[in-house]
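In: next input, structure requested:
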Amino acid sequence: MVRIAIVDDHEVVRKGLGAVLADCPDFEVVAMAADAAGAVEAARTHKPDVLVLDLRLPDRPGTQAVPEIRAVSPKTRILVLTSFGQDRTVVAAVSAGIDGFLTKTADSRELIESIRTLAAGGTLLGAQVGEALVRYVRSGEDPAGGARVRESLTQREWDVAQAVAEGLSNREVAERLSLSEKTVKNHVSDVLDKLGLSRRSQIVLLLQGGGAMAGSPWPDA
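Out: This next block holds a predicted model:
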């Protein structure tokens, strides 16, 4: 059974989502909340498998609640469901550390499949997110999470990310950096996790964009 919490400031939306998800025999809606404080409390109290989170909430942006949700319920997967799909919004959500991103133009089938994917340990940061990241980086803007993205990698992780961005395989990266393939694979996984990405190709897109990803200093490994 997948246990779900729904966070949205509109009662009609909360109840509508709850009704849709209640039709799935493998889903159980365990909590609903209307603001960021409620989202954190729902995570703390119910430890849902998946928390569906709107970004525009009355007390503060949903992205600001993500670290607190992680702190009180580390295993909860966070799926953003928002009507705001602008690049700035996508970048802020990814930088906060979400697991999936959908706009409210998605249909019921997409929402259900997305929740199942996250509950199974997958991520939903696909082409839409990758393209938004690239556009934002190339725009020259530095989003609220931009510096955080730059500073989130160690020097070794950055070296690996640069090599991946050049199109090198794990074996080629290992040879260049005098590492084992297993170590490279672990670093690639860490880079993906820290940047909120799901595929190597997104590392390529993001680093080729330049801008906020260029330069250093980087924290020591």
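In: how about the strands in the chain?
Out: In the chain, strands defined by DSSP state E lie at 2-7, 27-33, 50-53, 77-82, 100-103, listed in chain order.
In: residues contacting Val164?
Out: Val164 makes contact with 173, 188, 191, 200, 203-204 under the criterion C-beta atoms under 8 Å, 6 or more residues apart in numbering. For glycine as for every other residue, the C-beta is placed from the backbone atoms N, C-alpha and C.
In: the same query, at a cut-off of 6 Å, please.
Out: Under the criterion of C-beta atoms under 6 Å, 6 or more residues apart in numbering, the neighbours of Val164 are 200, 203.
In: what's the distance between Val80 and Lys185?
Out: When C-beta to C-beta, to the nearest Å is the yardstick, Val80 and Lys185 sit 28 Å from each other.
In: got the contact list for the residue nearest to Ile115 when sequence neighbours are not counted?
Out: With C-beta to C-beta, 6 or more residues apart in numbering as the criterion, Ile115 has its nearest non-adjacent residue at 5.1 Å, and that residue is Val50. For Val50, the contacting residues are 4, 77, 79, 115, 118-119, by C-beta under 6 Å, 6+ apart.
In: redo that, cut-off 7 Å
Out: With contacts defined as C-beta atoms under 7 Å, 6 or more residues apart in numbering, Val50 is in contact with 2, 4, 77, 79, 115, 118-119.
In: what pLDDT is listed against it?
Out: With respect to pLDDT, Val50 scores 98.
In: what of Ile112?
Out: At Ile112, the pLDDT recorded in the model is 95.
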